[in-house]
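Give me a model of this one.
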Amino acid sequence: MFHSAMLEAPSADAAIEALHRAGHTDGLPVVLPTAERVEAMLLHGGLDGDLVIGTVDPAGGALTVEKAAINAVMAGCPPEAFPILLAACAALVDPRLDLGAMQATTHCITPLIIVNGPARSLHGVACEAGAMGPGHRVNAGVGRAIRLIMINIGGGRPGVGDMATLGTPAKFACCLGEAEEASPFPPLHVALGHAGRDSVVTMLGVEGPHSLMFAVQDAGRDGDAFLRTLAAGLANPASNNIYLGGTVAVALNPMHANMLARSGFTRETAQQRLFELAAVPRDQLHRIAAANVALAPPDTELFRPVRRPEDILLFTSGADGGAYSAYFPSWGGGPNGNVAVTKTVRIDEGCELPASRR
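Numbering: from 1, shown residues only. Prediction:
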C-alpha cells in the first residue's frame, strides 16, 4: 500500500510531461515512477515505506522511505543502489548539513557524496576513470536522486527555494566512490572514525570540482611542491573559504596520492602542511577584495580556507596516472559553518541482493 498521491494520465508520455509542468524534475527526462518500479526499489531498502527519514529544508517536507524510492526511480537509480541513497538521505536531513541555508544561498553549492567501504563494489559505485563524469549509472542515479529530493521534498526549485545566482552543472549529480585499493592512505571513512568494514556515505556542500594540474617529475621529492600548488588553489581570493572558512574536499588521483606517500606524507601530515601553506595576510587580501575581507572577524590577520587541518577532506579517486586531481571549495555559511556529515549504509538480510550477487 502506497501513501503518496497517485498521478493519473492517459499515457506514459503525458504523465512525464505532467511531471515536468509541475516542476517535479531537474529539467531532464525522468523514469516514470510506476507502482511496480517503486515497489521494486523499496524491496532493496529493507525498511517500511512510511518510515520518516527526516525533513528536507527549506520547505520542511517529510522525506519518507517511499518518497525517496519514488525520486530514486525518477532519477534512474538502480534498485540495488537504494541502500546507498538511503544513507545519503540520512546525511541530507541531518541538521549539521544546514540544508535549508545551503538551498537558500546565492552561492553555487551542492551536496558532494563520497562512498566508502564494501558498498562500492557490492552496488557498482565508480571510483576510477571518470568517476564524476558520464557513463556511471550508480553515481549518476544516486546523485540525481538526491537533487530530485531537494527539489520535490525540499522545495529547492530555481529562484524559489534554490536561490543560486548561476547554479552549477554539479547540481544535477555529484557522487563518486573512494578508490581505496589504489590509495596509500587509510580510507576516508576510517579517518573520520568508522570501522574499515563499514560502508559509509560522506556528504559535504561544495562547489563543483576545480581541476588541479601537477606534472610529477620525482615522486619521492615532489610531494611538498604538490601541496604548495594545492594550497594556492584553496587560498584563492575569489573563493568563499578564504573569508568564511568551512570544510573543503580534495580528490587525489592515485598517482598524486602515492607521490605524497613516497615523499613521506601521511594524510594527517599532508593536512597539516596544507593548513600551514594555505594562508594569506589580511593586507594582501584587502588590496584585492576589501569588501570580502570585511565579512571576516575584524581581528583576523591571517586568512585560511579552513579553521582546522582536519577540515581538509583528502581522499583518493579517479584514474591512476595523468596530471590531474581536483579540489572542491565550499561555502562556509550556515549555522554549522559548512561541515561534512557521515552516515552508515544499511546492508542486511532485509535488503535484496543485487542480481549480480544472487
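
where in this structure is pLDDT low?
1, 348-358 (pLDDT under 70).

Show me what the biggest helix by length in the chain packs onto, helices and strands only.
As assigned by DSSP state H, the longest helix anywhere in the chain is helix 137-152. Using 3 or more C-beta pairs under 8 Å, 6 or more residues apart in numbering; DSSP states H and E, the elements in contact with helix 137-152 are helix 65-75, helix 82-92, strand 110-116, strand 175-177. C-betas here are computed from N, CA, C, even on glycine.

residue boundaries of the helices in the stretch 201-350 of the chain?
223-234, 241-244, 254-262, 267-277, 282-288, 290-293 (DSSP state H, counting those that start in this stretch).

Would you mark the buried spots in the last one?
Applying a neighbour-count criterion of 16 or more other C-beta atoms under 10 Å, one finds N292, V293 buried in helix 290-293.

Tabulate the CA atom coordinates of that helix in PDB.
Backbone C-alpha positions of helix 290-293 (Å, rounded to 0.1, in the frame of the first residue of the first chain) are rendered in PDB as follows:
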ATOM      1  CA  ALA A 290      38.300  44.800   0.700                       C
ATOM      2  CA  ALA A 291      34.500  44.100   0.800                       C
ATOM      3  CA  ASN A 292      35.100  40.400   1.100                       C
ATOM      4  CA  VAL A 293      37.700  40.900   3.900                       C
END
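
List the contacts of that helix.
Applying C-beta atoms under 8 Å, 6 or more residues apart in numbering, the external contacts of helix 290-293 come out as P237, Y243, R282, L285, H286, F303.

Was I right to think the first one contacts V280?
Yes. Using C-beta atoms under 8 Å, P237 makes contact with V280 at a distance of 6.9 Å.

Which one's more surrounded, these two?
Taking other C-beta atoms under 10 Å, P237 and V280 do not tie; V280 has more neighbours (19 against 15).

which residue packs closest to the more buried one, ignoring adjacent ones?
Counting by C-beta to C-beta, 6 or more residues apart in numbering, F303 is the residue found nearest to V280 once chain neighbours are left out, at 4.9 Å.

Report how many residues lie close to the one you found.
For F303, using other C-beta under 10 Å, the count is 23.

Quick one: residues contacting it.
Taking C-beta under 8 Å, 6+ apart, one finds A235, I242, Y243, A279, V280, P281, R282, L285, V293, A296 in contact with F303.

burial count for the fourth one?
Pointing back at A279 there. A279, neighbours per other C-beta under 10 Å, totals 15.

residues contacting the residue most central in space within the chain?
Centroid-nearest residue in the chain: L112, 1.0 Å away (criterion: C-alpha atoms, centre = their mean). Residues in contact with L112, defined by C-beta under 8 Å, 6+ apart, are A170, C174, C175, M203, L204, G205, V206, A249, F328.

ok, so what distance separates it from R147?
According to C-beta to C-beta, to the nearest Å, L112 stands 12 Å off from R147.

One more: G27?
For G27, the distance to R147 - C-beta to C-beta - is 10 Å.

Also E39?
23 Å.

can you check N336 too?
If you go by C-beta to C-beta, the gap between N336 and R147 works out to 21 Å.

Between the two, which is the more surrounded one?
R147 (23 against 15).
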